[in-house]
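Colleague: I need the structure of the sequence given here:
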Amino acid sequence: MASRQLLAVLPFLFLTLLPLLTNAYEATPKPAEKVADVVVEGLVYCQSCENYGSWHLSGAKPIKAATISVICKDHRNRISYYKAFDTDKNGYYYAELKGFKMSHSFLDHPLHSCKVKLVSSPLKTCNLLTNVNYGLNGAPLRYEDKRILGSNYEAVIYAAGPLAFRPNNCVQKEEPDVNY
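Modeller: Numbering: from 1, shown residues only. Presented below is the predicted three-dimensional model:
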């Protein structure tokens, strides 16, 4: 008999405790979404005339306020992201790709879909584009295992280049004519 009375009281007890249980669940704060950014970094130089016609950068000087662009294309070869960035006083750019989205996790990955191109140099004496590290055609990104981690933030940093402009007054060295 006591067990029947207990069985009859249990549903009422459950119904009275139910609002307390649901309110406790709703009051639990949801964890903040983790933000993940993609960043591209690199350097832009003025190539010395001694290295004109090559990819060598010995004797090169960094260019302050040079402009590069980051262009990403989706897996259908459509431009999905474009933005221009300027270098700092050391010729260094740190390009945060705010708004970059991947619709396909492998094909639209930044390593496959993004390239860095030279745009302009503020130096009148060094403003001709070169294809050093594919600065004209688009320098591919490299993953160098660099990350910035925070409690709700993560940035994956890729590298490109270094890229270079060259002076417009360089004379290309002629190859010696060897006749045997």
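Colleague: Roughly how far does the most centrally placed residue in the chain sit from Thr130?
Modeller: Nearest to the mean C-alpha position of the chain, counting by Cα atoms, centre = their mean, stands Val39 at 2.8 Å. Val39 is 24 Å from Thr130, where distance means Cβ to Cβ, to the nearest Å. Placement of C-beta: from N, CA and C, glycine included.
Colleague: Could you verify my assumption that Thr130 touches Ala164?
Modeller: Yes. If you go by Cβ atoms under 8 Å, Thr130 and Ala164 touch, sitting 5.0 Å apart.
Colleague: Which one's more surrounded, these two?
Modeller: Ala164 (30 against 22; other Cβ atoms under 10 Å).
Colleague: I figured the more buried one was touching Gln47, is that so?
Modeller: Yes. Counting by Cβ under 8 Å, Ala164 does reach Gln47; the two are 4.2 Å apart.
Colleague: Doesn't the residue nearest to the centre of the chain lie inside a helix?
Modeller: No. Remark: Val39 does not belong to a helix; assigned using DSSP: H, G, I helix; E, B strand; the rest coil, it is strand.
Colleague: What is the helix or strand encompassing Ala164 packed up against?
Modeller: Taking DSSP states H and E as the definition, Ala164 sits inside strand 163-166. When contacts are defined as 3 or more Cβ pairs under 8 Å, 6 or more residues apart in numbering; DSSP states H and E, strand 163-166 sits against strand 35-46, strand 114-120, strand 128-129.
Colleague: which residue packs closest to Cys46, ignoring adjacent ones?
Modeller: Cys126 (3.8 Å; Cβ to Cβ, 6 or more residues apart in numbering).
Colleague: Name all residues that make contact with that neighbour.
Modeller: Counting by Cβ atoms under 8 Å, 6 or more residues apart in numbering, Cys126 touches Cys46, Gln47, Ile63, Phe165, Arg166, Pro167, Asn168.
Colleague: Neighbour count, pLDDT and distance to Ser121 added to the residues you listed, as CSV?
Modeller: Shown next, in CSV, are the contacts of Cys126 (neighbours: other Cβ atoms under 10 Å; pLDDT from 0 to 100; distance: Cβ to Cβ, whole Å):
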residue, neighbour count, pLDDT, distance to Ser121
Cys46, 24, 94, 7
Gln47, 27, 93, 11
Ile63, 23, 95, 6
Phe165, 25, 95, 4
Arg166, 22, 92, 9
Pro167, 16, 93, 10
Asn168, 10, 88, 10
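Colleague: could these be laid out in CSV, adding distance to Lys146?
Modeller: CSV is the format used below for the contacts of Cys126 (distance: Cβ to Cβ, whole Å):
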residue, distance to Lys146
Cys46, 26
Gln47, 26
Ile63, 23
Phe165, 26
Arg166, 29
Pro167, 32
Asn168, 35
